[in-house]
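Novice: Below is the sequence, then the predicted model.
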Amino acid sequence: MATALSLSELAQLVDGNIVRGGLAPSLAGVAALDVAGPGEASFFGNDKYRSQFLETRAGAVIAATGETGGPDTCALITVANPSLAFATVVRHFAAAAKTLEPGIHPRAVVEPGAVLDPTKVRIHAGAVIMPGARIGDGTEVGPNSVIGEEAVIGADCRIMANVTVRERCVIGDRVILQPGCVVGSDGYGYEFSGGRHVKIDQVGIVEVGNDVEIGANSTIDRARFGKTVIGEGTKVDNLVMIAHNVVIGKHCLVVSQSGIAGSAKLEDYVTVAAQAGVGGHVTVGAKAILTARTGVTASIPGGATYAGKPALPVREEMKQQAQLRRLVRLIERVKALEQKLGGE
């Protein structure tokens with residue numbers, strides 16, 4: 001269990017340099033600059049908060065390499081990335097605040113044939129673990145969540161409240177599924193026949209890699225056949241829609257209200273910003289960045305930043321937008337010339 005840290009232990013934890021010692025003998029928690037007290041650590045990573053940094057009562061502050069300011073009463077540790085270093089400190093103290101308490105709540109339903117060790121998992125009230133489901137050690141299944149038949153949940157996962165993982169889907173280790181997300185819902189597949197939309201059976205699964213996080217109320221459709229894949233380390237925000245047979249690579253970021261249509265492929269380290277859309281059966285190359293509201297209608301190479309609809313390299317899109325703005329003035333000039341010539 002995590003405990004209070006001395007200044008030297010804090011510096012070692014974040015691989016930082018102690019620029020200035022402080023008065024607090026130990027640090028027992030974390031807080032923002034403006035509310036932190038002498039027994040707490042904070043961080044300074046944005047110059048907009050310099051006034052708070054100069055007045056903070058924190059026992060220690062983590063700041064960027066080269067920083068020397070702050071109150072004399074406050075210890076100063078410098079690192080290359082203060083925000084990332086502070087996340088490590090938060091994680092350290094969070095471990096003390098929350099530990100897995102194994103057990104199955106009396107109002108949970110674990111059906112015969114489910115595979116789990118009740119001394120190594122926690123199943124909350126109202127959760128349902130269906131026949132053939134497998135739950136890895138160290139995993140917590142939140143209230144009213146449903147783990148479908150033959151679904152596999154890896155080790156040390158956090159399944160929050162009201163999550164559904166449907167039948168046969170596979171979840172890796174250390175995955176976080178935020179409240180209300182659905183993994184393995186039917187893909188949106190229909191054929192128009194005889195004047196009606198006929199449902200196409202969706203018999204595939206979803207496979208989620210290790211260290212993935214799926215945000216609240218996001219949905220990931222099962223494949224029509226085969227797999228919808230979310231690669232290792234990928235982070236999906238709240239309110240995201242991922243359709244059937246999509247393949248998302250490793251360590252991608254998919255931000256809120258984005259949509260990825262069926263059979264699209266995102267290669268590794270792609271960033272999809274808010275409200276962007278990726279059309280079906282296209283590929284977005286590795287390390288591409290789609291800015292907010294970008295619409296991808298054809299495959300695009302990686303290693304570039306895109307904007308607009310259809311998606312264009314961001315400089316080209318900005319140039320086109322500038323030209324469109326000039327077009328309004330050009331039309332006004334043409335009208336003026338027509339009026340002048342018509343009057344002669």
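Specialist: Good, I have the coordinates. Since we're looking at a predicted model, the values are computed, not measured. Residues are numbered from 1 along each chain as shown.

Novice: How is this structure divided into domains?
Specialist: In the assignment given by automatic domain parsing, the structural domains of the chain cover 7-97, 103-314.

Novice: Count the neighbours of residue 329 for me.
Specialist: 9 (other C-beta atoms under 10 Å). In this view, the C-beta of every residue, glycine as well, is placed from N, C-alpha and C.

Novice: Does it belong to a helix, a strand or coil?
Specialist: When classified by DSSP: H, G, I helix; E, B strand; the rest coil, residue 329 comes out as helix.

Novice: list the contacts for residue 43?
Specialist: Neighbouring residues of residue 43 by C-beta atoms under 8 Å, 6 or more residues apart in numbering: 33, 61, 62, 63, 82, 83, 85, 86, 89.

Novice: Of the domains of the chain, which stretch is the most buried?
Specialist: Of all the domains of the chain, domain 103-314 has the most neighbours on average by mean count of other C-beta atoms under 10 Å, namely a mean of 19.

Novice: what distance separates the start and the end of that one?
Specialist: Taking C-alpha to C-alpha, to the nearest Å, domain 103-314 runs 52 Å from one end to the other.

Novice: what mean pLDDT does it have?
Specialist: Averaging pLDDT along domain 103-314 gives 97.

Novice: What are the contacting residues of stretch 18-29?
Specialist: Under the criterion C-beta under 8 Å, 6+ apart, residues 4-8, 10-11, 38-41, 59-60, 67-68, 70, 72-78, 93 lie in contact with stretch 18-29.

Novice: meant to ask about stretch 267-274
Specialist: Counting by C-beta under 8 Å, 6+ apart, the neighbours of stretch 267-274 from elsewhere in the structure are 231, 237, 248-258, 260, 266, 278, 283-294, 302.

Novice: and if you look at stretch 308-327?
Specialist: For stretch 308-327, contacts defined as C-beta under 8 Å, 6+ apart pick out 277, 290-291, 293-298, 300, 304-307.

Novice: picking up where we left off before, in strands only, show me the contacts of residue 43.
Specialist: 61, 62, 63 (DSSP state E).

Novice: could you dump the residues you listed to a markdown table with pLDDT and distance to residue 211?
Specialist: A markdown table is the format used below for the ones in strands among the contacts of residue 43 (pLDDT from 0 to 100; distance: C-beta to C-beta, whole Å):
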| residue | pLDDT | distance to residue 211 |
| --- | --- | --- |
| 61 | 97 | 29 |
| 62 | 97 | 24 |
| 63 | 97 | 28 |
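
Novice: So which residues of the stretch 51-200 of the chain form helices?
Specialist: Assigned by DSSP state H, counting those that start in this stretch, the helices in the stretch 51-200 of the chain fall at 82-97.

Novice: Identify, from the ones in strands among the contacts of residue 43, the entry nearest to residue 162.
Specialist: Comparing the ones in strands among the contacts of residue 43 against residue 162 with C-beta to C-beta picks out residue 62 as the nearest, at 35.9 Å.

Novice: Quick one: residues contacting the closest one.
Specialist: The neighbours of residue 62, taking C-beta under 8 Å, 6+ apart as the test, are 14, 16, 41-44, 77-79, 82, 85-86, 89.
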